[in-house]
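S.K.: next come a sequence and a model predicted from it.
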Amino acid sequence: MPVQNEHVAEILDEIADLLAIQDANPFRVRAYHNAARTVRGLSRELHDLIARGKDLTDLPGIGDDLAGKIREIVGTGACRALEKLHRQVPHELEELLAVPGLGPKRVKALFYDLRIRTTQQLEKAARAGRLRKLPGFGQKLEQRILQAVAARQSGTRRFSIDVAEESGGKLAAYLGLVPGTGKAIIAGSFRRGRETVGDLDILVTTSRPAAVMERFAAYDQVARVTSRGATRASAVLRNGLQVDLRVVPKQSFGAALHYFTGGKAHNIRVRTLGQKFGLKINEYGVFRGARRVAGATEASVFKSVGLPLIPPELREDRGEIEAARAHRLPRLVEEGDLRGDLHVIANGRDDLVAMAIAAKRRGLRYIAFTIRQGPDAPADAVLRQLDRIDQIRERADGMVLLKGIEAEIPEDGRLDLPTEVLARLDLLIGAAHGQFELTRARQTARLLRAMDSPCFTILAHPGGRLLPERDACSVDMERIVRAARVRGCFLELNSQPQRLDLADVHCQMAKAEGVLVSINSGARQGEDFRDLRFGITQARRGWLEKDDVLNTRPHAALKRLLRRTMD
DNA sequence: GCCGTTTTCGGCCCGACTGTTTTCAGTCG
């Protein structure tokens, strides 16, 4: 099995961590982390790029040395440089680095002074009061480490974006009530539209920072405040979500929002660009010497370094700065571009008429009702449901109703649908809902086989992930996307906050292959159409434009595209 | 280790908070 990008990235990160513990040049450490991030963000598999003879040094942050190491890892699965490091520094130390409060310097001291290499040894030493004797350690840090080690046993959590939106929205609204306060907004990875968030970053502009900090600490959902200063504070909410609050004056809003939205690598790029213009960019503004020259709006920050506004979803240093400089930023798809939803559960909680009306209210012109179909469902039951959809047409308030099936893809990938059913369908969605433990090869074969079925239209949520708990299963998306292109079918981006599947990088992959993505809700009740906004955000992270999305098409154009698969 | 429309060498974003520091290093975002 070919080496996957994630494996390469993990090795590069580990090299970076071990180098940091050895007190290597911090910029060298960063170079490895940057390369790992670049590799994770690729929309193609490295083995594929190498096979096609692509020059890896064209990738950002990858020079001759790292290109060589990456080729070595892809070719052999291992890296001699890492093995050499392992002979000097045990790999377990990476685990220690993940303990909050422990960075490379302290981990180095733990290992070289106390021979501590595992979290168990760390806990034991902390209990015995041996940590506080080390230089740079003290009693408080020892306590903090003990707490962190205990908390870590339950695992560091990530949160789905609907939970983040709910918690963060309430907190922001609450902070906005402080007199003298202007904006209160969730920034950070949430604003960039990441599929899950590890913490919430809330930015507040105010003329009374002390009052805002006070109110934050007094919030009834705050379980404990972990850090608190004049302009920045951190706390953990009762639901376990960590919140970082940052308070700035009104005139700094744009600069602070840019800084607090990130991502980190993007910020570094923009600030470095600023240096070249003789500017210093921080969260308070853009400065030439002591004079503030920009910063009230994000657009003014970008403008100061000669760039147009880059949408938050693109700020990952995945080429957006180069694209902006060349005036080649995509015009990202927007919520209002959607004309339809091609995956609406026909036997959900609300009845069909109510669903159609809810969709219309949402601004949609057409929806496809999809009937869940297991391998053994009797054809006559499906036919009766199709009849029902036909019957409510006049009551659908002008909404165009399409008829579809969501067929469960069995382990062997075989979809045997009766021809009398197929003949009445506008579209056929295939989805796998179980057996995700198959090997990558078998999982891929399963989906490819299903896509070969007659009338197959849309492959839904191919990764089968359930955020934030279950990761996507192992499947060769390169082959899936290419197969979709060859067969003229489509890939669904399911908008439910627990799915958001396709992943962003796979949206980019689809775009590169010219495969249209259908942004669907999988709605069971009228209010679920609201989830489409999450799908849009995810699509934007994948650089998708209106024309890259199937269901931005007017109904007539959609029909022509669907007919290609149904004939 | 990467990178360059001033540079192939000498730079590499910037600031807040904590704890242990008697003036600042380490960590974090």
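M.R.: Done, it's in.

S.K.: restricting to C-alpha, output stretch A:229-243 in PDB.
M.R.: Extracted in PDB, the C-alpha atoms of stretch A:229-243 (Å, rounded to 0.1, in the frame of the first residue of the first chain):
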ATOM      1  CA  GLY A 229      -4.600  39.500  32.200                       C
ATOM      2  CA  ALA A 230      -5.500  43.000  31.200                       C
ATOM      3  CA  THR A 231      -6.500  42.200  27.600                       C
ATOM      4  CA  ARG A 232      -6.400  38.400  27.300                       C
ATOM      5  CA  ALA A 233      -8.000  35.600  29.300                       C
ATOM      6  CA  SER A 234      -8.600  31.900  29.000                       C
ATOM      7  CA  ALA A 235     -11.200  29.700  30.600                       C
ATOM      8  CA  VAL A 236     -12.700  26.300  30.300                       C
ATOM      9  CA  LEU A 237     -16.500  26.100  29.900                       C
ATOM     10  CA  ARG A 238     -18.700  23.600  31.700                       C
ATOM     11  CA  ASN A 239     -19.000  21.600  28.500                       C
ATOM     12  CA  GLY A 240     -15.200  21.300  28.300                       C
ATOM     13  CA  LEU A 241     -14.700  23.800  25.500                       C
ATOM     14  CA  GLN A 242     -11.700  26.100  26.100                       C
ATOM     15  CA  VAL A 243     -12.300  29.800  25.300                       C
END
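
S.K.: quick check: mean pLDDT of that stretch?
M.R.: Stretch A:229-243 shows a mean pLDDT of 94.

S.K.: tell me where the stretch 301-450 of chain A has strands.
M.R.: With DSSP state E, counting those that start in this stretch as the criterion, the stretch 301-450 of chain A has strands at A:340-345, A:366-373, A:400-408, A:427-431.

S.K.: actually the stretch 51-200 of chain A, sorry about that
M.R.: So, for the stretch 51-200 of chain A - with DSSP E, counting those that start in this stretch - the strands run A:159-160, A:181-186, A:196-197, A:199-206.

S.K.: re earlier: quick one: closest of the strands of the stretch 301-450 of chain A to DNA strand B.
M.R.: strand A:340-345 (35.4 Å; C-beta to the nearest atom of the strand). Placement of C-beta: from N, CA and C, glycine included.

S.K.: check the offset of the closest one from the chain's centre.
M.R.: Put simply, strand A:340-345 sits 23 Å off its chain's centre (C-alpha atoms, centre = their mean, to the nearest Å).

S.K.: what comes into contact with that strand?
M.R.: The contact list for strand A:340-345, computed with C-beta atoms under 8 Å, 6 or more residues apart in numbering, reads A:355, A:359, A:364-370, A:372, A:400, A:402, A:404, A:406, A:427, A:429, A:458, A:460, A:492, A:494, A:518, A:520-524, A:529, A:532, A:550-551, A:555, A:558.

S.K.: and it, C-alpha only, in PDB?
M.R.: What follows is strand A:340-345, C-alpha atoms only, in PDB (Å, rounded to 0.1, in the frame of the first residue of the first chain):
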ATOM      1  CA  GLY A 340     -31.600  23.400  -4.800                       C
ATOM      2  CA  ASP A 341     -30.900  20.500  -2.400                       C
ATOM      3  CA  LEU A 342     -30.500  17.100  -3.800                       C
ATOM      4  CA  HIS A 343     -30.600  15.000  -0.600                       C
ATOM      5  CA  VAL A 344     -33.700  15.500   1.400                       C
ATOM      6  CA  ILE A 345     -34.900  12.500   3.400                       C
END
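
S.K.: got the angle between it and strand A:366-373?
M.R.: Angle between the axes of strand A:340-345 and strand A:366-373 is 30 degrees (criterion: axes from the mean of the first three to the mean of the last three C-alpha atoms, to 10 degrees).

S.K.: residue in the stretch 201-350 of chain A nearest to DNA strand B?
M.R.: residue A:229 (2.1 Å).

S.K.: confidence score at residue A:2?
M.R.: pLDDT, read off for residue A:2, is 85.

S.K.: excluding its backbone neighbours, what's nearest it?
M.R.: Excluding the flanking residues, the one nearest residue A:2 by C-beta to C-beta, 6 or more residues apart in numbering is residue A:47, at 4.2 Å.

S.K.: mind listing what the one you found touches?
M.R.: A:2, A:3, A:74.

S.K.: of these, buried ones?
M.R.: A:2, A:3, A:74 (16 or more other C-beta atoms under 10 Å).

S.K.: nearest to residue A:129, of the residues you listed?
M.R.: Taking C-beta to C-beta as the measure, residue A:129 sits nearest to residue A:3 out of the buried ones among the contacts of residue A:47, at 45.2 Å.

S.K.: tell me the phi and psi of that closest one?
M.R.: phi -70, psi 130 (degrees, to the nearest 10).

S.K.: quick check: it touching residue A:48?
M.R.: No - if you go by C-beta atoms under 8 Å, residue A:3 and residue A:48 don't touch, sitting 11.1 Å apart.

S.K.: could I get the pLDDT score of the closest residue to DNA strand B within the stretch 451-567 of chain A?
M.R.: Nearest to DNA strand B, among the residues of the stretch 451-567 of chain A, is residue A:468, at 17.1 Å (C-beta to the nearest atom of the strand). At residue A:468, the model reports a pLDDT of 90.

S.K.: try residue A:246
M.R.: On the pLDDT scale, residue A:246 gets 97.

S.K.: does it really touch residue A:206, like I thought?
M.R.: No - using C-beta under 8 Å as the test, residue A:246 is too far from residue A:206 to be in contact (10.9 Å).
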